[in-house]
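S.K.: Sequence and predicted structure, then a few things I'm wondering about:
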Amino acid sequence: MAARAVVPQRQLRIRDEGKPNVVAAEGRTRRILKDIGNLVPDQAVEGKHGPQPPDKNKRAITKKINGGVGKGVNVTKAAITEKQKPKPKTLLSLADEGHIINIKDTKSKDKNKKSLTSTLSARSKAACGITNKPLDSSVTNIDEADANNELAVVEYIDDMYKFYKLAEGESIVSDYMGTQPDLNAKMRSILIDWLIEVHRKFELMPETLYLAVNIVDRFLSLKTVPRKELQLVGISSMLIACKYEEIWAPEVNDFVSISANTYQREQILVMEKVILGRLEWLLTVPTPYVFLVRYVKASEPSDDEMENMVFFLAELGLMNYQISISYSPSTIASAAVYVARCTLEKNPIWTATLHHHTGYVEEELKECAELLVNLHRGVVDSKLKAVYRKYTSPDRRAVSLLPPAKSSTPDCSPEV
């Protein structure tokens, strides 16, 4: 019986461009993971990746100057080691010119200092000639409580919303019903009302609803859709929005079931592909929700009742075709906050803080606000009650049961 070849375990010899290199066998020279603090080992002076081979040119020059290879190499190595050897730095203290700074002692003193990110951002803006004007004394700093919250990105939040205001024009659609011979505004309202029910049934994120409606409107403005496929467009738009916004998106079969098997799985997937192709996969757009969360925060004092009232009015606006095509997302969000403050008798109706963050004055919101007041006034008698039922629940403070404002004038008060 032939003997089986045994591969040596200590070293493996491989070839690279004709030169033999000795590589340690896997697992033989692995070092145990030890302290990973910021202690700087002595080996660091020889390079980041371990000792480096001597430079032939440097060795030649040293030999010429000192008259001998051994002597020259020793002197050069000693000089380099003495020059580059760093002072040891530990996690608890830093040595700098004989002065010891204890980080642990100074940690409590630095809580109120600006973060490194904010400092670098300020320096970059100053270098580019960009300066932030100090807030007026009447404008409340709504991000002060989130100064130490990295997820709130307070250093960038204002710049982000400036960009949203510039980019929101891309998501606004013009009047497209004239190009839809089989559709009208009432059919659209019925579809959005049903999508709100589906959204609530699946317990989806609020961002998903606003994005789904945005996808529906943008697609209908680009392609003629027969009446029998309108619900299919709505289902596919919701599926796309779920995949974009949700952590656990509903399956396609869930949408088939909730539509009472009106459409097959293949039809939904084909329509999904058609919608994405028409929209050129542009899904990152500022919807009204993006502005709502910011403007609700700027509406001080803000509580659960105020927040739910704002979203109740905004969703009524989503169902209304005229509001959706006539006003930008930031205008709709601002008007919803304005009417909510009017309905809940907040005084003053429009503050300097809201004006600072929205960029709108009261007169610019009156027209859209009046439409929202009328929608609130007629929601009880409307046949489309998805939004009304949604906001009658106690967990949403039953804001839809509150009496609507008489008008959108600054001295408005709820109806008796």
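M.R.: Great, that's in hand.
S.K.: Once you drop chain neighbours, what's closest to S334?
M.R.: Once flanking residues are discounted, S334 sits nearest to T358: 4.5 Å by C-beta to C-beta, 6 or more residues apart in numbering. In short, each C-beta sits where N, CA and C put it, glycine included.
S.K.: Equivalent analysis for A147, please.
M.R.: Nearest to A147 is V154, by C-beta to C-beta, 6+ apart, at 6.0 Å.
S.K.: Check whether the one you found really touches N141, as I assumed.
M.R.: No: assessed by C-beta atoms under 8 Å, V154 is found out of contact with N141, at 9.4 Å.
S.K.: of the two, who's got more company?
M.R.: V154 (20 against 10; other C-beta atoms under 10 Å).
S.K.: That one in helix, strand or coil?
M.R.: Applying DSSP: H, G, I helix; E, B strand; the rest coil to V154 yields a three-state assignment of coil.
S.K.: Show me where the stretch 301-416 of the chain dips below the pLDDT cut-off.
M.R.: Scanning the stretch 301-416 of the chain for pLDDT under 70 picks out 407-416.
S.K.: can you give me the helices in it?
M.R.: Counting by DSSP state H, counting those that start in this stretch, the stretch 301-416 of the chain has helices at residues 304-319, 321-326, 329-343, 352-358, 362-378, 386-390.
S.K.: Just name the most buried of those.
M.R.: With neighbours taken as mean count of other C-beta atoms under 10 Å, the helices of the stretch 301-416 of the chain reach their highest mean count in helix 329-343, at a mean of 28.
S.K.: What angle do helix 304-319 and that one make with each other?
M.R.: Calculated by axes from the mean of the first three to the mean of the last three C-alpha atoms, to 10 degrees, helix 329-343 forms an angle of 130 degrees with helix 304-319.
S.K.: Compute the inter-axis angle for helix 329-343 and helix 362-378.
M.R.: Here the directions of helix 329-343 and helix 362-378 differ by 70 degrees (the same axes, to 10 degrees).
S.K.: Please shift the residue numbers so they start at 876 in all later answers.
M.R.: Right, with 876 as the first residue, what we last looked at is helix 1204-1218.
S.K.: May I have helix 1204-1218 as PDB, with CA atoms only?
M.R.: Extracted in PDB, the C-alpha atoms of helix 1204-1218 (Å, rounded to 0.1, in the frame of the first residue of the first chain):
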ATOM      1  CA  PRO A1204     -44.400  69.000   0.800                       C
ATOM      2  CA  SER A1205     -42.900  71.700   3.100                       C
ATOM      3  CA  THR A1206     -45.900  73.900   2.500                       C
ATOM      4  CA  ILE A1207     -48.400  71.100   3.300                       C
ATOM      5  CA  ALA A1208     -46.400  70.200   6.500                       C
ATOM      6  CA  SER A1209     -46.300  73.900   7.600                       C
ATOM      7  CA  ALA A1210     -50.000  74.400   6.900                       C
ATOM      8  CA  ALA A1211     -50.800  71.300   8.900                       C
ATOM      9  CA  VAL A1212     -48.800  72.600  11.900                       C
ATOM     10  CA  TYR A1213     -50.500  76.000  11.500                       C
ATOM     11  CA  VAL A1214     -54.000  74.600  11.500                       C
ATOM     12  CA  ALA A1215     -53.200  72.200  14.300                       C
ATOM     13  CA  ARG A1216     -52.100  75.100  16.500                       C
ATOM     14  CA  CYS A1217     -55.200  77.000  15.500                       C
ATOM     15  CA  THR A1218     -57.400  74.100  16.400                       C
END
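S.K.: By mean pLDDT, point me to the weakest helix or strand of the protein.
M.R.: strand 968-971 (a mean of 41; mean pLDDT, DSSP states H and E).
S.K.: low pLDDT regions in the stretch 926-1075 of the chain?
M.R.: 926-1011.
S.K.: For the stretch 1026-1175 of the chain, just list every one of the helices.
M.R.: Assigned helices in the stretch 1026-1175 of the chain, in chain order: 1032-1042, 1060-1076, 1081-1095, 1105-1120, 1127-1133, 1140-1153, 1163-1173 (criterion: DSSP H, counting those that start in this stretch).
S.K.: and of those, who's closest to L1247?
M.R.: The closest of the helices of the stretch 1026-1175 of the chain to L1247 is helix 1163-1173. By C-beta to C-beta, the value is 11.8 Å.
S.K.: Kindly provide the whole-number mean pLDDT of that closest one.
M.R.: Mean per-residue pLDDT for helix 1163-1173: 96.
S.K.: So which elements touch that helix?
M.R.: helix 1032-1042, helix 1081-1095, helix 1179-1194, helix 1204-1218, helix 1227-1233 (3 or more C-beta pairs under 8 Å, 6 or more residues apart in numbering; DSSP states H and E).
S.K.: need the ones you listed in CSV with distance to L1276, can you?
M.R.: Shown next, in CSV, are the helices and strands packed on helix 1163-1173 (distance: least, C-beta to C-beta, whole Å):
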stretch, distance to L1276
helix 1032-1042, 33
helix 1081-1095, 21
helix 1179-1194, 10
helix 1204-1218, 12
helix 1227-1233, 26
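S.K.: Out of the ones you listed, the one nearest I1065 is which?
M.R.: helix 1179-1194 (9.1 Å).
S.K.: any idea of the angle that closest one forms with helix 1163-1173?
M.R.: Using the same axes, to 10 degrees: helix 1179-1194 against helix 1163-1173 is 150 degrees.
S.K.: what angle separates helix 1179-1194 from helix 1060-1076?
M.R.: Going by the same axes, to 10 degrees, helix 1179-1194 makes 140 degrees with helix 1060-1076.
S.K.: can you tell me which of the helices of the stretch 1026-1175 of the chain comes nearest to A1189?
M.R.: Comparison of the helices of the stretch 1026-1175 of the chain against A1189 by C-beta to C-beta identifies helix 1163-1173 as nearest, at 5.7 Å.
S.K.: Which residues does that closest one contact?
M.R.: Residues outside helix 1163-1173 that contact it (C-beta atoms under 8 Å, 6 or more residues apart in numbering) are 1015, 1017, 1032, 1036, 1039, 1081-1082, 1084-1086, 1177, 1181-1182, 1185-1186, 1189, 1192-1193, 1204-1205, 1207-1209, 1211-1212, 1228-1229, 1231-1233.
S.K.: Only the buried residues of it, if you could.
M.R.: Burial within helix 1163-1173, assessed by neighbour count using 16 or more other C-beta atoms under 10 Å, is assigned to 1163-1167, 1169-1173.
S.K.: Out of those residues, which comes closest to L1250?
M.R.: Where the buried residues of helix 1163-1173 are concerned, and distances follow C-beta to C-beta, L1250 has its nearest neighbour in P1163, at 14.4 Å.
S.K.: Ignoring the adjacent residues along the chain, who's closest to that closest one?
M.R.: Spatial nearest neighbour of P1163, chain neighbours left out: P1204 (4.2 Å); criterion: C-beta to C-beta, 6+ apart.
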